[in-house]
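Chemist: coords please:
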Amino acid sequence: LPGCMGAFGDTKDVDSDDNAVINGVVDQGDPAVVMLRSGRSGFCTGTLVSPTVVMTAAHCVDGISVTSVGFGVNGQSTPVNVAQQVFHPDWDPDDLGAGNDIAVLVLANAVSGVTPIPVATDLGLARAGQTVRIVGFGNNQTAGTGFGTKRQATLQAATIARRDGVSEEAFIKVGNAQGTQTCNGDSGGPVFASSGGVEQVAGVTSFGFVGCVG
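Modeler: Below is the predicted model:
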């Protein structure tokens, strides 16, 4: 999944941009999707998967101290402190194509009033042609602005080609000819896929084209 970290946008960016992810809409729902914060600054996205655990991307926490996660459409509401951050033992920042860009944040206190999203165990979910939904706080313009507002878009998972150099067993490819895709700041955010009418987290945003134009 495409995307990278981003710096927290200023008030103008947050208030004036009504489009989404890239080519999506502002997301007033998805309360389990949170913004990762270091101090008061946000930089990545994650998903509450249990009352005390947020799932995100390993590159969001590798060498960076996540102090809290924030809720709400701007990711600044009811922050909850992070007690521990752990990334996948096989994560290699020099080999994104190997996968394993996944981490968990253990929260200092259990979150109440927000329903966690289950993690998918069916590897057949979110394959090419299937409908998925991407959510994140990242940029919504290829110019690199708009971080700080939760946005969503619905699209179909794309076909992983040989030239992509990654495995279908480890990756989901998102993006289409209309330019709907994740961008900087959406890293660690979910790709949702439905099974039996229930949305599950089938993947987290890892990497993509510079400028979010691929």
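
Chemist: measure the nearest residue to Ala158 once chain neighbours are set aside to Asn139 for me?
Modeler: Leaving aside its sequence neighbours, Ala158 sits nearest to Lys173 (Cβ to Cβ, 6 or more residues apart in numbering; 4.3 Å). C-beta: built from backbone N, CA, C; applies to glycine. According to Cβ to Cβ, to the nearest Å, Lys173 stands 20 Å off from Asn139.

Chemist: of the two, which one has the most company?
Modeler: Higher neighbour count among Lys173 and Asn139: Asn139, with 30 against 21, using other Cβ atoms under 10 Å.

Chemist: now the nearest residue to Glu169 once chain neighbours are set aside: how far from Ser167?
Modeler: The shortest distance from Glu169 to any non-neighbouring residue, by Cβ to Cβ, 6+ apart, is to Leu123 (6.9 Å). To Ser167, Leu123 is 11 Å away according to Cβ to Cβ.

Chemist: over to Pro31?
Modeler: The spacing between Pro31 and Ser167, counted by Cβ to Cβ, is 33 Å.

Chemist: which one of those two has more residues nearby?
Modeler: Remark: of Pro31 and Ser167, Pro31 carries more neighbours, 18 against 11, as counted by other Cβ under 10 Å.

Chemist: those helices in this structure, which residues are they?
Modeler: With DSSP state H, the ranges of helices along the chain come out as 11-16, 58-61.

Chemist: for the shortest one, C-alpha coordinates in PDB please.
Modeler: Right, helix 58-61. This file holds the C-alpha atoms of helix 58-61, laid out as PDB (Å, rounded to 0.1, in the frame of the first residue of the first chain):
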ATOM      1  CA  ALA A  58       6.900  -0.300  11.400                       C
ATOM      2  CA  HIS A  59       8.500   2.600   9.600                       C
ATOM      3  CA  CYS A  60       6.200   4.900  11.700                       C
ATOM      4  CA  VAL A  61       7.800   3.800  14.900                       C
END
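
Chemist: contacts for it next, please.
Modeler: 4-5, 36, 43-44, 46, 66, 85, 87-88, 91, 93, 96, 100-103, 105, 187-188, 206-207 (Cβ atoms under 8 Å, 6 or more residues apart in numbering).

Chemist: tell me the buried residues within those.
Modeler: With burial judged by 16 or more other Cβ atoms under 10 Å, the buried subset of those is 4-5, 36, 43-44, 46, 66, 85, 87, 91, 96, 100-103, 105, 187-188, 206-207.
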